[in-house]
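Asker: I need the structure of the sequence given here:
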Amino acid sequence: MGGPGPQSGRMEVLHNGAWGTVCSYDNWDLQEATVVCRQLGYGRAVAALVAYGGGSGPIWYDDMHCNGSESSLTQCSHRGLGVHNCNHSEDAGVICASECGY
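Answerer: Numbering: from 1, shown residues only. Okay, the predicted model is just below:
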């Protein structure tokens, strides 16, 4: 993630050696952010938002839907890898709480 702090920024995913983004336009909320924060080893999710500046490269995920208990975004439903109707101005971002607090 890259943002104003170490626990915040644009959500990027590595797939087959290529970094890509996640679209925030549809269904990106605290349930998905909770999974991201857990996967990265941070505390709870504080916010799910449009990212700090658009990314580049592929958009890997769109229409993500997590129930919040998954250990990885790959366990959540989505349109299909690389299938999207987004642009990089809609890239997803998260803010995670640190283990010691926000």
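Asker: Distance-wise, check the nearest residue to Glu90 once chain neighbours are set aside relative to Gly53.
Answerer: Excluding its sequence neighbours, the residue lying closest to Glu90 (CB to CB, 6 or more residues apart in numbering) is Tyr25, at 4.4 Å. Any C-beta I mention is one placed from the backbone N, CA and C, and that applies to glycine too. Distance from Tyr25 to Gly53, counting by CB to CB, to the nearest Å: 16 Å.
Asker: Compare neighbour counts for these two and give me the winner.
Answerer: Counted by other CB atoms under 10 Å, Tyr25 and Gly53 do not tie: Tyr25 has more neighbours, with 16 against 13.
Asker: hmm, back to that, my read: the residue nearest to Glu90 touches Cys86, true?
Answerer: Yes. With contacts counted by CB atoms under 8 Å, Tyr25 reaches Cys86, the gap being 5.6 Å.
Asker: Return every residue with contacts to both of those two.
Answerer: Common contacts of Tyr25 and Cys86, defined by CB atoms under 8 Å, 6 or more residues apart in numbering, comprise Asp62.
Asker: residue contacts, the residue nearest to Glu90?
Answerer: Tyr25 sits next to Asp62, Cys86, Glu90 when contact means CB under 8 Å, 6+ apart.
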